[in-house]
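Asker: what would the 3D arrangement of this be:
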Amino acid sequence: MEKDSLGEVPVPDEALWGAQTQRAVDNFPVSGRPLPVAFLRALAVLKQAAARANAELGVLDPKLAEAIAEAAQEVVEGKWDAQFPVDVFQTGSGTSTNMNLNEVLSNLAIRRLGGKVGSRIPVHPNDHVNLGQSSNDMIPSAAHLSALMQIRAALLPALETLAEALEDKAKAFDHVVKLGRTHLQDATPVRLGQAFGGYASQIRHGIERIQRAALDLEELAVGGTAVGTGLNAHPDFARRVCLHAAKAAGVPLREADNHFEAQSGRDAMVSVSGALKTLACSLIKIANDVRWMASGPRAGLGEIVLKDLQPGSSIMPGKVNPVMCEVVCQVSAQVIGNDAAITVAGQAGNFELNVMIPVMVRNLLESIALMASASTLFAQRAVAGIQANEARCLELALKSDAMVTSLAPHIGYDKAAALVKESHKLGRTILELARERKILAPDVLEKALDPRRMTGPG
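Answerer: This next block holds a predicted model:
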């Protein structure tokens, strides 16, 4: 039986959390999903940094500070993940999760110092673990830090892998001429390598957008305490916390330029989510192009061949589907949906605090993780194994009415259009009819209707 400001609360014997966490567990049995461990570990990094900063500033006993810091390190290392049961859908400030960690760190530190778990002596969850802090500045700070860490550690390397895989195919397929398409209709020829180069560029631009947006995540709200004024925090507390946390996390961090913006608005998270949504749009476009080009294999476009990964039908023997493309599209749809929720939640900054931070954290970290996993899998299990069906690519290009485009400068638009109609009527190619009609001198005609030459300017 433990106590908080509202009275007594029964807490499981094996739990390292306390009364406030237990109230949250009882009050919010919503989804059964706690906040992501990446967020909890980032919050633990900040608690560790706070303990050491407070010790340096002379406001916390160094012995207690070190016990808190060592306990926080165990949380960072994932030793106590099961001790954080509070649901994502909780108090909008994340106070329940902040207190969950405060109580766990308090009890771990107490145990280290030979005290009794749950006694709050000699390490109190509020007076010592939460010293100089509020949920209102620590939860937003942990949101930024966790997203920044995951972007750098997981997402950007995954996108680099995908960009390189696409660039490799752009080089390998540079000699392959295929039919271009606009409006899903035949257009002038392109090189398959040019198409893949375009895909690689989309990913490169996506990397740049995410990197630019992530710069704002380096600003932390820590030091603002309850409403942004910094009440009850040492004037140098935030700077020191940022220094310690940056060293521990391996990412650049700095105190927010304006604490009122940092606590009442969640614009940086909305911006990063928007960059992820844009990336999701890019991935859907690329994945759909790949599966269209691989469609068939006999009655589709059949311009490229994907590596067989698994049987595709429970009833049709031998059928194989473009499963990795479908995974990428589904993941991207989820990321776009997550962004919608983040956008709505990002508007909930009423006066000095946003009150939808937990759901923003959950969705943003999920989007980062999904994009990282899907990009890596797509690169390794789809893009890397793509082969070009060169004969089919050239066949479709030569049969296309769009080949007539390069004749228009020689014979005029109207005559070229008439040639297309005749080609349709007779079921013959533009090249065959042009040769037969002797529209141009043979050498000029062959040059004009060279599909490779048509994939560049001039």
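Asker: quick check: longest helix of the protein.
Answerer: Longest helix in the chain by number of residues (criterion: DSSP state H): helix 267-293.
Asker: so what strands line up beside the next helix or strand after it?
Answerer: Next helix or strand after helix 267-293 toward the C-terminus (DSSP states H and E): strand 304-305. Paired with strand 304-305 in the same sheet, following DSSP bridges, are strand 387-388 (antiparallel).
Asker: could I get the buried residue list for the longest helix of the chain?
Answerer: 268-280, 282-284, 286-287, 289-293 (16 or more other C-beta atoms under 10 Å). Using the backbone N, CA and C atoms, a C-beta is placed for each residue, glycine as well.
Asker: got a pLDDT number for the closest residue to residue 401 other than its chain neighbours?
Answerer: Nearest non-adjacent residue to residue 401, counting by C-beta to C-beta, 6 or more residues apart in numbering: residue 420, 4.7 Å away. What the model reports as pLDDT for residue 420 is 93.
Asker: what do you get for residue 458?
Answerer: In this model, residue 458 carries a pLDDT of 76.
Asker: got a list of what it touches?
Answerer: Applying C-beta atoms under 8 Å, 6 or more residues apart in numbering to residue 458 gives no contacts.
Asker: how much space between it and residue 406?
Answerer: Residue 458 is 10 Å from residue 406, where distance means C-beta to C-beta, to the nearest Å.
Asker: cool, residue 150 as well?
Answerer: 50 Å.
Asker: excluding chain neighbours, what is closest to residue 43?
Answerer: By the measure of C-beta to C-beta, 6+ apart, the closest residue to residue 43 outside its immediate chain neighbours is residue 142, 3.8 Å from it.
Asker: now the helices for the stretch 51-200 of the chain?
Answerer: 62-76, 95-112, 135-150, 156-172, 192-214 (DSSP state H, counting those that start in this stretch).
Asker: just say which of these is most tucked in.
Answerer: Stretch with highest mean neighbour count among the helices of the stretch 51-200 of the chain: helix 135-150 (a mean of 27; mean count of other C-beta atoms under 10 Å).
Asker: low-confidence ranges, the stretch 101-250 of the chain, go.
Answerer: For the stretch 101-250 of the chain, no stretch has pLDDT under 70.
Asker: could you break this protein into its assigned domains?
Answerer: 2-131, 148-220+259-390, 400-455 (automatic domain parsing).
Asker: so where do the helices sit in the stretch 301-450 of the chain?
Answerer: 323-345, 357-381, 390-399, 408-411, 413-426, 430-437, 442-448.
Asker: out of the ones you listed, flag the one nearest residue 77.
Answerer: Closest approach to residue 77 among the helices of the stretch 301-450 of the chain is made by helix 357-381 (18.7 Å; C-beta to C-beta).
Asker: and the closest one with helix 135-150, angle?
Answerer: 0 degrees (axes from the mean of the first three to the mean of the last three C-alpha atoms, to 10 degrees).
Asker: show me what helix 357-381 is packed against.
Answerer: helix 37-56, helix 135-150, helix 156-172, helix 267-293, helix 323-345 (3 or more C-beta pairs under 8 Å, 6 or more residues apart in numbering; DSSP states H and E).
Asker: ok, now how distant is the closest residue to residue 72 other than its chain neighbours from residue 101?
Answerer: Leaving aside its sequence neighbours, residue 72 sits nearest to residue 48 (C-beta to C-beta, 6+ apart; 3.6 Å). Computed as C-beta to C-beta, the residue 48 to residue 101 distance reads 11 Å.
Asker: and if you look at residue 124?
Answerer: Distance, residue 124 to residue 101, using C-beta to C-beta: 14 Å.
Asker: picking up where we left off before, the residue nearest to residue 401: neighbour count?
Answerer: Residue 420: 17 surrounding residues under other C-beta atoms under 10 Å.
Asker: I'd say it and residue 430 touch.
Answerer: Yes - if you go by C-beta atoms under 8 Å, residue 420 and residue 430 touch, sitting 7.2 Å apart.
Asker: what residues are shared contacts of those two?
Answerer: Common neighbours of residue 420 and residue 430 (C-beta under 8 Å, 6+ apart) are 401, 404.
Asker: residue contacts, residue 288?
Answerer: For residue 288, the contact set (C-beta under 8 Å, 6+ apart) comprises 325, 329.
Asker: relative to residue 296, how far out is it?
Answerer: From residue 288 to residue 296 the distance is 15 Å (C-beta to C-beta).
Asker: how much space separates the residue nearest the centre of the chain from residue 98?
Answerer: What sits nearest the mean C-alpha location of the chain, by C-alpha atoms, centre = their mean, is residue 368, with 2.8 Å. As for residue 368, its distance to residue 98 is 22 Å (criterion: C-beta to C-beta).
Asker: count of neighbours near residue 427?
Answerer: For residue 427, the count of nearby residues is 6 (other C-beta under 10 Å).
Asker: tell me the spacing between it and residue 433.
Answerer: Using C-beta to C-beta, one obtains 11 Å as the distance from residue 427 to residue 433.
Asker: what of residue 99?
Answerer: 80 Å.
Asker: go on, residue 179?
Answerer: Plainly put, residue 179 is 18 Å away from residue 433 if you go by C-beta to C-beta.
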